[in-house]
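Engineer: prediction below, plus the sequence it came from.
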Amino acid sequence: MPPRKRRSQRELFLDKLRELSNGEQTLIGNIKLRESLGWDEARYNRIKIQLREENAVIVGTGKGGSVGLADAPGTSALSLFVSYSHTDEALKNDMLKHIEPLKRLNLIDSWHDRKLLAGEDWEKSISSNLEKADIILLLVSIDFINSKYCFDIELDRALERHAQQEATVIPVILRNCLWQYTSFAKIQVLPKDAKAVCAWSDRDEAFANVADGIRVVAEQIRASR
């Protein structure tokens, strides 16, 4: 009987990651994975960087960092609709950067009105993407609340779909305002403790907290299907 082929460190890393994530596109903390492998930090980081360069894994943000499988068979991304005021364009773009790891994990696929193509019926396209969304993000600021289209059209339909359990609405407080007196006030908001993104001393930390909250919701939706 020929001797069993010894697994490479690359294979050991991926096998352990699949074991801890049950083969799903779930982010696993670096410390947990490294300790499960029994590796020192230098070896762990070397193999993780190698796999990241191969696009075999995706690296997440947050305290301590995390890593996940870049792809998993039999899964499709959840549709995420972003409702926001154009006044908050720069903040919206920063948030999209932080949810990019979730897109690479094939966990979500985001849509916002800047994806409209020339010649498209913008109102029809927005409505269509809102109707098929699994998750609807409300990027909340005083300009969002004062926007007739965001507040009276997109928000009303989003809350209807949320109430019917057809989609999950997640308000993200970008800037301090009296959002507590709105129709979505009873829905759990992000970031942590409802502290507006612009009130954090480190906005990257705030957006990482938002991205991780979205990840948790997306994984719960996928697990329930």
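Structural biologist: Arrived safely.
Engineer: low-confidence bits of this protein, can you list those?
Structural biologist: The model of the chain has pLDDT under 70 over residues 1-5, 61-63, 71-75, 225.
Engineer: can you give me the helices in it?
Structural biologist: Counting by DSSP state H, the chain has these helices, from start to end: 9-21, 30-37, 41-53, 89-104, 122-132, 142-146, 148, 155-163, 203-223.
Engineer: nearest residue to residue 29 in space, ignoring adjacent ones along the chain?
Structural biologist: Spatially, and ignoring its direct neighbours in sequence, residue 29 is nearest to residue 66 (5.2 Å; C-beta to C-beta, 6 or more residues apart in numbering). Any C-beta I mention is one placed from the backbone N, CA and C, and that applies to glycine too.
Engineer: contacts only, for that neighbour.
Structural biologist: 27, 28, 29, 30, 59, 60 (C-beta atoms under 8 Å, 6 or more residues apart in numbering).
Engineer: so what's it bridging to?
Structural biologist: residue 29, residue 60 (DSSP bridges).
Engineer: thinking again about what came up before, how about the helices of the chain, which one is nearest residue 191?
Structural biologist: Of all these, helix 203-223 sits nearest to residue 191, with 4.3 Å by C-beta to C-beta.
Engineer: on contacts alone, who are the packing partners of that closest one?
Structural biologist: strand 78-83, helix 89-104, strand 135-140, strand 168-173 (3 or more C-beta pairs under 8 Å, 6 or more residues apart in numbering; DSSP states H and E).
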